[in-house]
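**Q** A structural model of the following input is requested.
(one chain, ligands or ions: 1)
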Amino acid sequence: MKPLLTAIREGRLYLDGGMGSMLQAAGLPEGRLPDVWGVENPQAVQAIHRAYLEAGCRLITTNTFGTTAPKVEPYGYTVAQVMSAAVANVRAAMDQAGVTDAYVCADIGPTGKLLRPYGDLDFEEAVARFAAPIRAAEEAGADCILIETMSDLYEMKAAVVAAKENCSLPILASLIFDGSGKLLTGGSPQAAVALLEGLGVDVIGLNCGLGPQEMAPVFRQLWAAASVPLLLQPNAGLPRSEGGKTVYDVTPADYAAQMAELAPMATLLGGCCGTTPAHLAALIQATKDLPLPEVTWKDTLLISSYCQAVALDGRDPVVIGERINPTGKKKLQAALRAGDMDYVLNEAFQQEEAGAHILDVNVGLPGLDEPAVLTQTVEALQAVTGLPLQLDTSNPEAMEAALRRYNGKPLINSVNGKEESLAAILPLVKKYGGGLVCLTLDDDGIPADAEGRLAIAEKIVRRAEAMGIPRRELLIDGLTMPVSAGGENAKVTLETLRRAKAELGVKTALGVSNVSFGLPKREVLNQNFFTMALQAGLDGAIINPKSGAMLGAYHAYRALMGLDEQCGAYMAAFQEGGPLAGTAAPAAPAAPAPAPQPAAAPAAGEEGTLQHSVCKGLKEAAAAQAKALAEGGRDILDIINGELVPALDQVGQGFEKGTLFLPQLLMSAEAAKGAFQVLQGYLPAGESQGEPQILLATVQGDIHDIGKNIVKVLLESYRFRVLDLGKDVPPETIVAAAQARKIPLVGLSALMTTTAPAMAETIRQLRAAGLACKVVVGGAVITGDYAASIGADRYAPDAMATVHYAQEVLGG
Ligand code: B1M
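**A** Alright, predicted model coming up:
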């Protein structure tokens with residue numbers, strides 16, 4: 001049989017379809033992990049595989065979607081036992097069907113947890129969880145690893161890294177996007193392609209969540225960006241609930257017709273939830289004679305963060321912000337030494353607002369533990385900005401530590417022509433992916449002429465390609481030397497740039513401002529040299545984006561070269577509120593200098609305020625600002641209602657509009673919680689003696705508890721005794737506690753339209769149990785009318801209203 005990758009190159013292949021619903025139909029007991037059923041009831045699982053083989057599928061997925069230690073060990077099995085039984089089941093089905101040319105895909109599904117900083121699963125722990133089933137799959141004789149249904153690129157990276165480190169099988173990586181074309185954690189299709197091609201996976205794809213028609217727009221975006229074959233496994237339409245069961249409406253014939261439209265882009269076709277052997281048979285019939293997709297190589301270098309990609313296409317330059325670099329910056333040096341991340345994060349925000357596309361991160365300072373500090377800084381930056389980063393260190397250990405943890409595909413700054421550097425850095429690029437800045441220097445130093453620098457560039461390109469790192473991933477840096485040290489310096493750099501592009505077909509990068517070192521009015525030289533470098537073909541401009549002169553030159557270049565449609569970006573930069581507003585005004589007669597004004601206190605929402613810090617997810621700053629406001633004598637409730645709530649509302653609106661994603665929501669929630677913890681210390685202490693009077697809970701299915709916690713603290717500060725059952729609390733638990741503790745007042749919180757019915761159900765059960773308690777409800781989606789309609793005694797729009805009602809009911 002052909003190796004799988006050869007088969008993928010030569011023809012269209014068919015994966016199988018839905019498994020879960022078929023297992024249920026075959027008698028999988030409710031609540032039992034499907035994976036262990038493969039050990040306990042192999043015939044049933046084999047029958048499903050056989051049905052797909054008979055339909056014509058030749059890539060059969062093992063029944064191991066949830067096979068990780070925390071999920072299978074409680075059933076008394078090891079990961080290896082479940083995986084080897086699953087692989088054996090596919091092989092047995094092949095024997096039964098008399099099929100010899102099928103491949104076994106070891107299925108790896110998500111852990112069900114979010115990774116830090118958004119959740120509590122550490123990246124290395126995730127890698128370890130995936131490593132065990134992957135090792136077992138290769139040992140059991142699987143033909144490839146199929147990582148599927150991943151809704152977060154960071155978890156996908158952990159799984160791919162685990163696969164690369166623990167087996168030598170081909171890797172197929174498939175993601176689940178939502179209808180808005182984004183992953184749960186905000187990732188775009190281009191960001192997915194950047195990360196996955198950087199990591200070197202063999203096939204990229206989409207599965208689950210949507211039907212073929214809804215998936216089509218995302219799939220087209222993948223096709224436009226990817227240089228590897230694509231896989232497509234949609235559901236049989238969008239799921240719908242009918243009589244308590246999930247059903248899918250797309251029939252086999254419709255499924256086949258809809259998939260045929262996408263088949264010109266998909267080398268591997270199959271199905272996911274709701275699809276059956278009948279769907280697959282129809283699909284195969286409808287598409288088997290269609291021409292194979294022609295996968296084209298894309299020369300664009302994609303760099304990415306967890307959510308977005310930045311494209312270096314060799315034509316349109318991008319700005320790499322250089323400000324997070326301690327060289328010559330005393331404040332940043334002090335901040336790094338003190339571990340003051342907020343200073344670094346603010347530097348990032350300012351550059352982002354000024355218009356940087358990528359941020360350089362350099363933390364090299366004598367005496368600092370660079371691997372630890374670089375990693376920590378990268379993680380902190382990625383928690384609050386969606387801009388991709390350029391990891392800038394000459395310490396390979398620090399580079400590897402940061403690259404491993406980086407959530408996306410970064411720029412790597414840098415490798416050079418020295419053997420030592422090539423040997424240390426190229427393997428890291430191969431393993432983790434990244435656009436690589438290549439410095440044209442070697443053991444003999446920096447060649448004086450362009451010829452010498454090009455020779456080094458060529459050597460690096462050859463060495464990278466020999467390791468399987470494509471040329472498109474390389475940016476040649478012709479090295480900027482000060483013109484004050486040699487009249488030819490700028491010319492040599494520009495010639496190196498021009499020739500590297502023309503002769504080697506690579507992209508280029510340059511730290512621009514070194515050119516003016518030692519001379520007055522540096523910005524004049526920098527700006528002009530920058531324009532000349534752009535003209536010579538500079539792709540990645542490492543500059544200070546906060547400099548109006550530099551950013552002005554950048555926008556002017558793009559407008560003048562026809563890269564800025566209708567000069568939109570140019571105009572936006574200079575208009576009111578744009579990063580360059582007020583700069584580069586035409587020369588006017590000098591006006592008398594205005595008298596210095598005392599610095600105005602920042603308005604709400606501006607940088608430096610509690611609202612701003614919560615919006616940006618700056619935990620430490622938010623806590624410090626909350627303390628300052630409380631110490632300054634502002635009323636604590638006023639701080640909560642006037643700062644925390646509006647900030648979270650703003651973030652919520654961004655989330656709803658799709659401009660912010662779950663990670664930012666989480667970081668803002670953490671910052672708000674931290675600030676609230678501080679504020680709590682300024683409220684009178686609670687009463688701990690005696691039976692609880694008020695039971696509080698966020699209803700079932702809802703994990704929002706910031707508001708409920710505020711209500712709790714305020715009630716306690718008014719000396720009410722509160723029993724807090726937490727969040728996501730089932731009605732039965734609330735009723736049982738209210739009954740057992742004879743609670744006179746129950747307070748329920750719900751923040752989502754989808755969980756408001758759980759509030760209604762809780763009240764229904766409280767009443768049905770004959771409890772005499774009063775019920776107060778609140779939360780963003782609850783209104784007075786809704787509260788009345790579900791039988792609540794009172795709607796409380798905020799925490800203080802809850803206190804007033806408690807006083808009415810309980811006295812005090
Ligand atoms: Co999410 N979330 N969230 N979220 N989140 C909302 C609620 C949302 C409106 C955002 C949006 O789209 N605009 C939206 C719900 C849409 C809807 O149903 N209409 C939403 C969504 C969709 C989601 C997820 C599904 C996102 C996803 O995963 N794709 C997910 C849900 C998970 C789940 O619950 N199953 C999710 C997750 C999260 C985070 C974990 C990231 C985080 C919560 C962290 C935490 O609470 N520990 C979060 C956050 C922070 C929000 C927003 C931005 C802020 C909520 C908040 O804390 N507000 C929110 C948007 C918004 O509300 N503007 C949003 C501040 C808080 C002080 O106000 O809770 O209203 P609030 O409490 C007030 C009053 O309402 C009242 O007093 C409080 C103080 O004045 N009150 C009571 C509250 N409870 C009371 C009970 C009472 C009396 C008064 O009696 C006892």
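**Q** Remind me what the least confident helix or strand in the chain by mean pLDDT packs against, helices and strands.
**A** Of all helical and strand segments in the chain, the minimum by mean pLDDT, DSSP states H and E falls on strand 240-242, at a mean of 80. On a contact count with 3 or more CB pairs under 8 Å, 6 or more residues apart in numbering; DSSP states H and E, strand 240-242 meets strand 245-247. Any C-beta I mention is one placed from the backbone N, CA and C, and that applies to glycine too.
**Q** Would you mark the buried spots in the following helix or strand past the strand it packs on?
**A** Using DSSP states H and E, the helix or strand that follows strand 245-247 in sequence is helix 252-262. Residues of helix 252-262 classed as buried: 252, 254, 255, 256, 258, 259, 260, 262 (neighbour count, 16 or more other CB atoms under 10 Å).
**Q** Pop out the phi and psi values for residue 425.
**A** Backbone torsions for residue 425, taken as degrees, to the nearest 10, come to phi -90, psi -40.
**Q** List the pairing partners of the least confident helix or strand of the chain within its sheet, with orientation.
**A** strand 245-247 (antiparallel) (DSSP bridges).
**Q** Find the residue at the geometric middle of this protein.
**A** Geometric centre of the chain, nearest residue: residue 306, 3.1 Å, by CA atoms, centre = their mean.
**Q** hmm, back to that, neighbouring contacts of the least confident helix or strand of the chain?
**A** 246, 247, 248, 249 (CB atoms under 8 Å, 6 or more residues apart in numbering).
**Q** so the residue of the stretch 451-600 of the chain found nearest the ligand is in which element?
**A** Closest residue of the stretch 451-600 of the chain to the ligand, CB to the nearest ligand atom: residue 577 (24.5 Å). Remark: residue 577 resides in no helix or strand, with elements defined by DSSP H and E.
**Q** Ramachandran coordinates for it?
**A** Taking degrees, to the nearest 10, you get phi 90, psi -10 for the backbone angles of residue 577.
**Q** hang on, the earlier thing: measure how far the least confident helix or strand of the chain is from the centre of its chain, please.
**A** Distance of strand 240-242 from the chain centroid (CA atoms, centre = their mean, to the nearest Å) equals 31 Å.
**Q** what's the span of stretch 423-441, first residue to last?
**A** This stretch, stretch 423-441, spans 15 Å end to end (CA to CA, to the nearest Å).
**Q** before we move on, what about stretch 507-524?
**A** Stretch 507-524: ends 26 Å apart by CA to CA.
**Q** what's the distance between it and the middle of its chain?
**A** The answer for stretch 507-524 is 34 Å, by CA atoms, centre = their mean.
**Q** Wasn't the residue nearest to the centre of the chain part of a strand?
**A** No - using DSSP: H, G, I helix; E, B strand; the rest coil, the secondary structure at residue 306 is coil, not a strand.
**Q** my guess is it contacts residue 383, does it?
**A** No - Residue 306 is beyond contact range of residue 383, at 9.5 Å (criterion: CB atoms under 8 Å).
**Q** who touches both of those two?
**A** In contact with both residue 306 and residue 383: residue 663, using CB under 8 Å, 6+ apart.
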